[in-house]
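Trainee: Mind folding the following:
(2 chains)
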Amino acid sequence: MGILEAVLLTIATAATPLLIAAMGELVTERSGVLNLGVEGMMIMGAVTGFAVASSTGSAWLGMAAAIIAGMAFSLLFGFLTLTLVTNQVATGLALTLLGLGFSGMLGEGFVGRPGVKLGNIDIPVLSDLPVVGKLVFGQDPIFYISILLTAGVAWFLFYSRAGLTLRSVGDSHRSAHALGIKVIRIRYLAVMFGGACSGLAGAHLSLVYVPQWVEGMTAGRGWIALALVVFASWRPWRVLAGAYLFGAVSIGQLHAQALGFGIPSQLLSSLPYLATIVVLVLISRNRRLTVMNTPASLGQPFVPDR
Amino acid sequence: MKKTILAIAAATAVAAMAPAMAEAKTKACFIYVGPVGDFGWSYQHDQGRLALEKALGDAVETAFLESVPEGADSERALERFARSGCNIIFTTSFGYMDATNKIAAKFPDVKFEHATGYKREHANVATYDSRFYEGRYVIGQIAGKVSKTGVAGYIASFPIPEVVQGINSFLLGAQSVNPDFKLKVVWVNTWFDPGKEADAAKALIDQGVDIITQHTDSTAAMQVAAERGIHAFGQASDMIAFGPQTQLTAIVDDWGPYYIERVKAVIDGTWEQKATWAGMKEGHVVMAPYTNMPDDVKMMAEGTQAKITSGEFHPFTGPIMKQDGTEWLKDGEVADDGTLSGLNFYVKGVDDTLPQ
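Mentor: Okay, here's the model as predicted:
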């Protein structure tokens, strides 16, 4: 395996959890709900995925459990913000707190236990191709899911009737409601989709990225995913670009350090954030398009009058 | 984010302190910077607390707060402990230094013990630290023997003296058996981020290192090393479970003996302010079993460990050149503790620029 191929593989691994979590949040936000609990849902996915995989020996079961855990956790958020109409920002933050604490409690017995790794898919012959072989044909299943997910979300939002309905709910819940669209039901579904994605992103962390469970292992990735959605102005392919750019600069700066270029490491460490923000702001600099893509009802509570 | 963690910590605190009302027992309290489940730094401090409970039994009761942010937030945690009847409080991270001294002034009857710091502004504040660099020298020697490429990778956290001591000591150990040994250093600017630590390990391995050592707290690098079939050293706790064929040894922090000694002193009324910097001799720095290496390397490592333990050998013994080629220590000269505890330069042979 050449160094270029190795670097590309590492970048894909670093970008995948960000991409999945951000894609889920993108759909949630497109429906007009701001869920700041991504970090909490992600870590719930990580701990559940690890616990189930380690108890049953099946990483696939772990992955499924993580998705369910993320979804269940997001339902809690949905119930509070959609049914009880609590403040979305505060509830989302509380969800993150709860997730970080609760996962530590759940995972207590699993600390220090070696994990089960979700095996790579290996397509014979093709995966032996130089440079791109392993990257395209020999990766972990969640990587493929993340790419399919991006394409799926992009198609759903802009080429399907259901996607149009979802966006209309996010842009003006009053008009959507007046047209007879079930705003709350659609938002519930969008929130659950976001939760499922965050759970899956967490499973990637504890089953592929670093197959182990330690408290707080998401280490802020949920927040990066949240930022990616905004800086990508709610466009799926831009989220993918942002996630990979972030991954590439993160890994690139580690290599730059190991090569000994003599650039201060504090500067290098901040580079992924800087580069991603600058690039995404540049590609989103068309204000009219940005305004058009921003869900106008984002974060606003909705109480149907009838 | 930090406040939120404190909120969790505060909730834990209420739970932890509920049964704290029984009198006559000596109460020892602990403040941790990370979760006890980090399987590294905070985990080892908590192991020390458990050892204390076991050793002193009914004479002592303990309480702890985990994930307490450094800085001003820690003052509240400290004050709460001091008011709740703790007789001695251990604050186990560098960043608690000022808060510890500030609260100590308010509670002269409570003993305070701050780990890895240097400020003892009041008679009731003591400091303690371990000479981890002694272990680093031993693992450096092992790396020098075991490595085929002659290059090791070092995952570093923050450029503070303790970390710099470790890097220098490791390289000195390696060069003592292989003068051409090279070291690649990657700073991740965090104590704990398993994903980032794994990324750093992969980057280093892709660039040709065949041994990984770290000064960060998770087991991620050990796992990556195991996956890629190279060797690595455990950090803070024995990580053999994550790399049965990978771990050569680990530097294990054993805080138990110190905690037992100090709490006993409180019970006996003999507690006094002091600055402790103990190492292998006192049993604070312990090496995990030497595994996955040839017998001659194991014998060499055991020999070095014995010499350091007996005080016959100090890892920072001259001649040692600084990175820029100027002389630091003359032949036979031993670095004094003052210089070591403020160490801010590399020795010759480190292939990295020290972030300042």
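Trainee: Now the element after the longest helix anywhere in chain A, going C-ward?
Mentor: The single longest helix within chain A, with elements called by DSSP state H, is helix A:3-30. Per DSSP states H and E, the first helix or strand lying C-terminal to helix A:3-30 is helix A:38-56.
Trainee: Please state the offset of that following helix from the chain centre?
Mentor: 14 Å (C-alpha atoms, centre = their mean, to the nearest Å).
Trainee: quick one: that helix to helix A:3-30, angle?
Mentor: 120 degrees (axes from the mean of the first three to the mean of the last three C-alpha atoms, to 10 degrees).
Trainee: Next, the buried residues of helix A:38-56.
Mentor: Burial within helix A:38-56, assessed by neighbour count using 16 or more other C-beta atoms under 10 Å in any protein chain shown, is assigned to A:38-54. Heads up, the C-betas are built off the backbone N, CA and C, glycines and all.
Trainee: near chain B at all, it?
Mentor: No - for a cut-off given as C-beta under 8 Å from any C-beta of the partner chain, helix A:38-56 has no contacts with chain B; the smallest distance is 9.2 Å.
Trainee: counting contacts, what elements does that helix pack onto?
Mentor: Other helices and strands packing on helix A:38-56, by 3 or more C-beta pairs under 8 Å, 6 or more residues apart in numbering or on different chains; DSSP states H and E, are helix A:3-30, helix A:59-78, helix A:88-106, helix A:183-204, helix A:221-231.
Trainee: re the thing from before, now do the longest helix of chain A: which elements does it pack against?
Mentor: Using 3+ C-beta pairs under 8 Å, 6+ apart, helix A:3-30 sits against helix A:38-56, helix A:133-137, helix A:141-159, helix A:161-171, helix A:183-204, helix A:221-231, helix A:236-259, helix B:194-206.
Trainee: Tell me which of those sits most buried.
Mentor: helix A:38-56 (a mean of 29; mean count of other C-beta atoms under 10 Å in any protein chain shown).
Trainee: So what's the model's average confidence on it?
Mentor: Averaging pLDDT along helix A:38-56 gives 96.
Trainee: do stretch A:167-180 as well
Mentor: pLDDT averaged over stretch A:167-180 gives 94.
Trainee: Please apply the same query to stretch B:131-151.
Mentor: Across stretch B:131-151, pLDDT averages out at 95.
Trainee: do it and chain A meet at all?
Mentor: No - residues of stretch B:131-151 contacting chain A under C-beta under 8 Å from any C-beta: none, with a closest distance of 9.9 Å.
Trainee: got the CA positions of that stretch in PDB?
Mentor: Provided in PDB are the C-alpha atoms of stretch B:131-151 (Å, rounded to 0.1, in the frame of the first residue of the first chain):
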ATOM      1  CA  ARG B 131       9.200  11.000  37.500                       C
ATOM      2  CA  PHE B 132       7.600   9.500  34.400                       C
ATOM      3  CA  TYR B 133      10.800  10.200  32.400                       C
ATOM      4  CA  GLU B 134      12.500   7.300  34.200                       C
ATOM      5  CA  GLY B 135      10.100   5.000  32.500                       C
ATOM      6  CA  ARG B 136      10.500   6.800  29.200                       C
ATOM      7  CA  TYR B 137      14.200   6.100  29.200                       C
ATOM      8  CA  VAL B 138      13.600   2.400  29.600                       C
ATOM      9  CA  ILE B 139      11.100   2.200  26.800                       C
ATOM     10  CA  GLY B 140      13.400   4.300  24.600                       C
ATOM     11  CA  GLN B 141      16.100   1.700  25.100                       C
ATOM     12  CA  ILE B 142      13.700  -1.100  24.100                       C
ATOM     13  CA  ALA B 143      12.600   0.900  21.000                       C
ATOM     14  CA  GLY B 144      16.200   1.300  20.000                       C
ATOM     15  CA  LYS B 145      16.700  -2.500  20.100                       C
ATOM     16  CA  VAL B 146      13.400  -3.600  18.700                       C
ATOM     17  CA  SER B 147      12.800  -1.100  15.900                       C
ATOM     18  CA  LYS B 148      13.900  -2.300  12.400                       C
ATOM     19  CA  THR B 149      13.500   1.100  10.700                       C
ATOM     20  CA  GLY B 150      15.300   3.000  13.500                       C
ATOM     21  CA  VAL B 151      12.500   5.500  13.600                       C
END
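Trainee: Run through the neighbouring helices and strands of the helix or strand of chain A with the lowest mean pLDDT.
Mentor: Least confident helix or strand of chain A, by mean pLDDT, DSSP states H and E, is helix A:133-137 with a mean of 78. Judged by 3+ C-beta pairs under 8 Å, 6+ apart, the packing partners of helix A:133-137 are helix A:3-30.
Trainee: and the angle from the helix it packs on to helix A:221-231?
Mentor: 70 degrees.
Trainee: Distance from helix A:3-30 to the middle of the chain?
Mentor: For helix A:3-30, the distance to the chain centre is 8 Å (C-alpha atoms, centre = their mean).
Trainee: What residues does the stretch 51-200 of chain A have near chain B?
Mentor: Residues of the stretch 51-200 of chain A lying near chain B (C-beta under 8 Å from any C-beta): A:93, A:96, A:97, A:100, A:101, A:104, A:107, A:108, A:111, A:112, A:113, A:114.
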